[in-house]
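1. Coordinates for the following, if possible.
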Amino acid sequence: MHNKENGAIGNGVSRMLGWNVNAAAKRCKSAIKNLGAGTFLDEDQTALLLGCTLKELNNMRVWKRIDLGFYVRSEKPSEHYENNNLEYHYKLVNTTYPFQVTPPLQALAVHDISRVIGSDTRRVANAVICDGLAQMDDRPWAQWLPKRTGLGVRALSTKGLPSLLKGSGINPDRVKQRRELNERYGKESNYYRGLTQDDLRPVLERYPNPPKIDLTEYTRVPYHVPITNGTRQGGTITYKLSDIKKFLDDPWPYKIDRLGRSNKEVIYCIASEGWKDGLVKIGYVDNREIVAQRMIDYRSDSVFPGSPIVHWAVECARRPVLEKRLHNLYLPRQWNSVGPGKCGGEMFWGSPKRWSPERMLKAAVNILEETESKYTVLDVHPITYKVRRAA
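-> A predicted model of the protein is given here:
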């Protein structure tokens, strides 16, 4: 991010996103409608949706939320921003390795076996128990065995049940039970295998309630871990559509007033007598005291064929970075050397209604109210450019 040659990070906050935010928001809205807000996209799909490159996507993950400093011909940061980052997740899948068996997991299994047996006073066969466990959607038993060639992922089997309960004090395949029941039912019978509620009682007394375990570690289907839960090694990076939408609604960093500078600025919308087709400029100055001088300077600027016409001006807190949000709204109408649809330009084609200065002022006020920011709509004199509070 930090480019020491020109003394800035990239080209500043206005060019941190080098792709069309407005177009990306429309694609995201369509994707949510078709796929659902909870859908996860891989890196290639996310880059395609945003309209950026994989390199740009990777750079965004490097941005720090705490402090994003901007350097202006100095070794010390002159401005600080808190970055509004795009959240990402790790997609984890385990289809080939056995699950780790722990005492809490065994206790959970015993509670579930007790549910399967219910009020039955007889010994319930292992096959019946395994079938009952496989019906529990919120448990790992339906996908207990790892994938094998030609078999896929399988549910807990009668052979695996004794292994799951090994060491818990419960054995559904006791030799004594087998001998006694074989005499009753015959050697070819499967009824010698099974459990009763009495067999489960010692574990149920140690664990009166089903233990809570991280079920994401006991599943064969993909699951996604937010990076905000801490760094996790392994897995592929994915993005959630609802997180992408939240980011596109407000992708700009927030200003942090650390250095004792004024915490207010003035955002303005101006035009010139010689500009055609409703061309306007959205800019800002550090405070209302220098608004007049800025407009007077524009009079001698070659960009302005005539005196600037101030459509409106708003004094507000620096933190919401209002100017960049307005540039975001006007991206489809942008005109300057940066190129259509890319962040950084301050000049936009207007129109009588949808893209009118009046609509932009209304949008600015809405942004400030949604971010709970204090603001003042200013009245700028058309000739002297002196500023006062609007009536």
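
2. hey, where'd the strands end up in the stretch 251-391 of the chain?
-> 254-256, 264-272, 279-285, 308-317, 347-349, 375-380, 387-389 (DSSP state E, counting those that start in this stretch).

3. Poorly predicted segments of this protein, please.
-> Within the chain, the segments meeting pLDDT under 70 span 1-16, 18, 63-84, 173-193, 228-234, 253-262, 336-345, 391.

4. can you rerun that using 50?
-> Applying pLDDT under 50 to the chain picks out residues 1-15, 66, 71-73, 175, 188-192, 258-262, 337-343.

5. just to revisit the earlier point, can you convert the strands of the stretch 251-391 of the chain into JSON lines and add a column each for distance to Gly152 and mean neighbour count?
-> In this view, the C-beta of every residue, glycine as well, is placed from N, C-alpha and C. Output for the strands of the stretch 251-391 of the chain, formatted as JSON lines (distance: least, Cβ to Cβ, whole Å; neighbours: other Cβ atoms under 10 Å):
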{"stretch": "strand 254-256", "distance to Gly152": "49", "mean neighbour count": "18"}
{"stretch": "strand 264-272", "distance to Gly152": "59", "mean neighbour count": "22"}
{"stretch": "strand 279-285", "distance to Gly152": "58", "mean neighbour count": "20"}
{"stretch": "strand 308-317", "distance to Gly152": "58", "mean neighbour count": "21"}
{"stretch": "strand 347-349", "distance to Gly152": "56", "mean neighbour count": "20"}
{"stretch": "strand 375-380", "distance to Gly152": "60", "mean neighbour count": "17"}
{"stretch": "strand 387-389", "distance to Gly152": "71", "mean neighbour count": "14"}
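
6. Same list (these) but as JSON lines, adding distance to Ser119.
-> Converted to JSON lines, those look like this (distance: least, Cβ to Cβ, whole Å):
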{"stretch": "strand 254-256", "distance to Ser119": "60"}
{"stretch": "strand 264-272", "distance to Ser119": "72"}
{"stretch": "strand 279-285", "distance to Ser119": "73"}
{"stretch": "strand 308-317", "distance to Ser119": "66"}
{"stretch": "strand 347-349", "distance to Ser119": "74"}
{"stretch": "strand 375-380", "distance to Ser119": "68"}
{"stretch": "strand 387-389", "distance to Ser119": "78"}
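
7. Nearest to Lys362, out of the ones you listed?
-> Lys362 sits nearest to strand 308-317 of all the strands of the stretch 251-391 of the chain, at 9.9 Å, using Cβ to Cβ.

8. one step back: the strands of the stretch 251-391 of the chain: which one's closest to Pro357?
-> Closest to Pro357 of the strands of the stretch 251-391 of the chain, according to Cβ to Cβ: strand 308-317, at 3.7 Å.
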